[in-house]
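# I would like the atomic coordinates for the input below:
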Amino acid sequence: MTHDRKVLPAEGQPRSVLEAELKTTRRFLQSVPDGQDDWRPHAKSRTLGELATHVAQLPGSGILMLTQDEYTGGTR
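Numbers count the residues shown, from 1 in each chain. Sure thing, here's the model as predicted:
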């Protein structure tokens, strides 16, 4: 599959963009109230704790994608 969208390599990204994203991520994670991680807005939704864990893991996934020759999205 080909994509027409161009993606800048990590070294082409301004450091301020990455810092802003991490600041937003940190603010979101800090806003999760203690003891409320099992709350979900709808029965079919993920819990707040599951969403917070997902958001916390995203930077690590980005690092994997940028440092590996091939990224399979968790499959091998």
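# And E21, which helix or strand is it part of?
Element membership of E21, judged by DSSP states H and E, is helix 15-30.
# What residues sit buried inside the helix or strand just after that helix?
Next helix or strand after helix 15-30 toward the C-terminus (DSSP H and E): helix 48-67. Buried positions in helix 48-67, judged by neighbour count with 16 or more other C-beta atoms under 10 Å: 48, 51-52. For the C-beta atoms, the positions are set from N, CA and C on the backbone; glycine is no exception.
# circling back to that earlier point, could you say what helices and strands the helix holding E21 packs with?
helix 48-67 (3 or more C-beta pairs under 8 Å, 6 or more residues apart in numbering; DSSP states H and E).
# report the angle between the axes of the helix it packs on and helix 15-30?
Angle between the axes of helix 48-67 and helix 15-30 is 160 degrees (criterion: axes from the mean of the first three to the mean of the last three C-alpha atoms, to 10 degrees).
# can you tell me how far the residue positioned nearest the centre of the chain sits from E50?
Central residue of the chain (C-alpha atoms, centre = their mean): L58, 2.5 Å from the mean position. Per C-beta to C-beta, to the nearest Å, L58 is found 13 Å from E50.
# picking that back up, now the buried residues of helix 48-67 in TSV, with pLDDT?
Below are the buried residues of helix 48-67 laid out as TSV (pLDDT from 0 to 100):
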residue	pLDDT
L48	88
L51	87
A52	87
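# just to revisit the earlier point, so what's the closest residue to the residue nearest to the centre of the chain other than its chain neighbours up against?
Using C-beta to C-beta, 6 or more residues apart in numbering and skipping residues adjacent in sequence, the residue nearest L58 is T25, 7.3 Å away. Going by C-beta atoms under 8 Å, 6 or more residues apart in numbering, T25 touches 55-56, 58-59.
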